[in-house]
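J.: Model the structure of this input:
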Amino acid sequence: MATPNLHRLLCQTAILLGLGSCTVYTPMQPAVSTVAAKGQLELTGSMQPNTRMEATAVYSPLPNTLVMGAGSFRPKIGDTTYSATRQWEVGLGSYVHLGPHWLLTGMAGYGAATTIKSIPGIGIGLYSGGYDRYKARYNKIFGQLSVARQLERQSFGVVYRITQVAYEQLDYSFGLNSDYSAIPMQKALRHEGLAFFRTKLGQQDRWQLQATLGLSGRATPQPSREQPAGPNQHDHYTEESEAKNASRPVLMTSLGVVFRPKFLVKH
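T.: Prediction:
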C-alpha cells in the first residue's frame, strides 16, 4: 500500500530538515561584533535549533583593532541518525564609526572543522533504505564585512562573509553499503549572509539577548572536483550528485546571550 510508504517518506523528510539534509558542510555563523572602542570585549554564547552550540569572543586591544576567536560543538546523539561537529576559527579585523549610531566592521580569518552525519536512506517498497553516512574534515579562510546600527536599548545589522572551503576529507556511504567512498570535491567557495538583532537585558548594557537569521550558499556554479582513485569509487552520476549535495544551501539561525564586561571598557 502507498500509505505506509508515504508516511515513511514524510518522516524521513522531517528528519532531513532537522539535520540539514545531505549537506555535510556545517558553517559557523559569521562573527557578530558591536565592539566600538579600545578595551571593549564581547562574549557571545548561542544555540541553533539542532542544539549545536557556538561561543565567540571579540576584543579590541588597540584602537580600531579587533581579535576574534570562536568555537562550535554538537555531540553525536544516537547510533543510526545523527549530526555531529567540532569547529573553531580565529580572525583579525578593524572597525570604523559611520556617524554617531552606525558601525562598520571588517574581519578576516582561518578555521577548521570535523563533521559526521547519518540520515535515513530512501527505501523502495518493503526494503529498508539503510542509512546515508558522511564524514568531512575541512579548513577555511574567510573575509567578512558588517554594518550595525546602535540605539539606546537595541542594536541590529547585517554581516556578509565569503568563505573558501578546502576539504581534507569528504567521504560517504549510502544505503546498506558500509564502505566509504570519496566525494570528488576539494574546494568550494561560499557566500554567507546573516542578519542579527540585540536587545538589552535589564537597565545596563552588560547583558544582551541576540537573535540571528542567515543563509550559506555556494558561490561557484560548480564545486572544484577531482576524480578519486581506487576501486571503491562509485559511478559518475552518484559522485556528481553527492558533490552537489555537499554544497547545498544551509540555513543559519540561533538564539543567544551576549556578555559585555564593563570593567574592560576604556572611555
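
J.: Which residue ranges of the protein form helices?
T.: Secondary structure of the chain (DSSP state H): helices located at 2-19, 236-245.

J.: The ones you listed: lowest mean pLDDT?
T.: Mean pLDDT is lowest for helix 2-19 out of the helices of the chain, coming in at a mean of 41.

J.: for the stretch 151-267 of the chain, which spans come out with low pLDDT?
T.: Within the stretch 151-267 of the chain, the stretches with pLDDT under 70 are 175-178, 220-246, 263-267.

J.: how about the strands in it?
T.: Residue ranges of the strands in the stretch 151-267 of the chain, as given by DSSP state E, counting those that start in this stretch, are 154-173, 181-182, 187-200, 207-218, 250-259.

J.: For the longest one, buried residues please.
T.: By neighbour count on 16 or more other CB atoms under 10 Å, the buried set for strand 154-173 is 155-157, 159, 161, 163, 165, 167, 170-173. To be clear about C-beta, it is placed using only N, CA and C from the backbone, and glycine gets the same treatment.

J.: Output those residues as JSON lines; include the columns distance to residue 138.
T.: Formatted as JSON lines, the buried residues of strand 154-173 follow (distance: CB to CB, whole Å):
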{"residue": "155", "distance to residue 138": "32"}
{"residue": "156", "distance to residue 138": "31"}
{"residue": "157", "distance to residue 138": "28"}
{"residue": "159", "distance to residue 138": "21"}
{"residue": "161", "distance to residue 138": "16"}
{"residue": "163", "distance to residue 138": "10"}
{"residue": "165", "distance to residue 138": "5"}
{"residue": "167", "distance to residue 138": "5"}
{"residue": "170", "distance to residue 138": "7"}
{"residue": "171", "distance to residue 138": "12"}
{"residue": "172", "distance to residue 138": "14"}
{"residue": "173", "distance to residue 138": "19"}
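
J.: nearest to residue 94, of those residues?
T.: Using CB to CB, residue 159 is the member of the buried residues of strand 154-173 that sits closest to residue 94, with 14.8 Å.

J.: and the closest one, bridged to which residues?
T.: residue 146, residue 194 (DSSP bridges).

J.: which residues touch it?
T.: Counting by CB atoms under 8 Å, 6 or more residues apart in numbering, residue 159 touches 30-32, 144-146, 193-196, 214.

J.: try 10 Å
T.: Neighbouring residues of residue 159 by CB atoms under 10 Å, 6 or more residues apart in numbering: 29-33, 105, 107, 144-148, 192-196, 212, 214.

J.: returning to what we had before: of all the strands of the stretch 151-267 of the chain, which lies closest to residue 71?
T.: Nearest to residue 71, of the strands of the stretch 151-267 of the chain and by CB to CB, is strand 250-259 at 13.5 Å.

J.: could I have that closest one exported to PDB, CA atoms only?
T.: Output in PDB follows, covering the C-alpha atoms of strand 250-259 (Å, rounded to 0.1, in the frame of the first residue of the first chain):
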ATOM      1  CA  VAL A 250      22.500  25.900   4.700                       C
ATOM      2  CA  LEU A 251      20.100  27.900   6.900                       C
ATOM      3  CA  MET A 252      21.700  29.600   9.900                       C
ATOM      4  CA  THR A 253      19.600  30.700  12.800                       C
ATOM      5  CA  SER A 254      20.300  31.000  16.500                       C
ATOM      6  CA  LEU A 255      19.300  32.500  19.800                       C
ATOM      7  CA  GLY A 256      21.900  33.500  22.300                       C
ATOM      8  CA  VAL A 257      23.200  35.800  25.100                       C
ATOM      9  CA  VAL A 258      25.900  38.500  24.900                       C
ATOM     10  CA  PHE A 259      28.100  39.500  27.900                       C
END
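
J.: Can you spell out which helices and strands pack onto that strand?
T.: Judged by 3 or more CB pairs under 10 Å, 6 or more residues apart in numbering; DSSP states H and E, the packing partners of strand 250-259 are strand 41-47, strand 53-59, strand 187-200, strand 207-218.
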